[in-house]
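[1] let me see the structure of the following:
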Amino acid sequence: MVRAWASGDVQAMESIMSEAALQDASLAPIVVRLFDERNMRMTSTIEGYLNSNGSYFVIVGAGHLLGKRGIVELLKSKGYGVEQL
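    Okay, the predicted model is just below:
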């Protein structure tokens with residue numbers, strides 16, 4: 001995971017994160033709760049920051065940035081420009 005993160009390999013990170021859930025279907029509700037639901041709340045909070053006049057520094061775990069239900073894609077779907085640095 002660290003190698004994938006350091007090199008910016010989003011696909012490898014997503015593969016590593018989803019591997020456990022794919023191996024054990026009983027983890028699906030946990031993934032929804034730990035990632036999907038929290039991603040939606042965090043995206044809403046970040047959107048509030050983006051629509052204010054302040055400056056903010058937001059830190060989230062790498063797993064929250066990945067996939068179609070990750071914060072990056074959620075912000076893009078709302079019309080924000082997001083790029084990986």
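
[2] residue contacts, Asn39?
    His64, Arg69, Gly70, Ile71, Leu74 (CB atoms under 8 Å, 6 or more residues apart in numbering). Any C-beta I mention is one placed from the backbone N, CA and C, and that applies to glycine too.

[3] just give me the neighbour total for Gly48.
    11 (other CB atoms under 10 Å).

[4] go through the helix or strand where it lies and flag the buried ones.
    Assigned by DSSP states H and E, Gly48 belongs to helix 38-50. Under the neighbour-count criterion of 16 or more other CB atoms under 10 Å, helix 38-50 has Arg38, Asn39, Met42, Thr43, Ile46 buried.

[5] buried residues in the helix or strand that that helix is followed by?
    Next along the chain after helix 38-50, taking DSSP H and E as the criterion, comes helix 71-77. Across helix 71-77, burial judged by 16+ other CB under 10 Å covers Ile71, Val72, Glu73, Leu74, Leu75.

[6] thinking again about what came up before, would you convert the contacts of Asn39 into JSON lines that also reports pLDDT and distance to Gly8?
    JSON lines is the format used below for the contacts of Asn39 (pLDDT from 0 to 100; distance: CB to CB, whole Å):
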{"residue": "His64", "pLDDT": "92", "distance to Gly8": "16"}
{"residue": "Arg69", "pLDDT": "91", "distance to Gly8": "20"}
{"residue": "Gly70", "pLDDT": "93", "distance to Gly8": "15"}
{"residue": "Ile71", "pLDDT": "96", "distance to Gly8": "16"}
{"residue": "Leu74", "pLDDT": "97", "distance to Gly8": "20"}
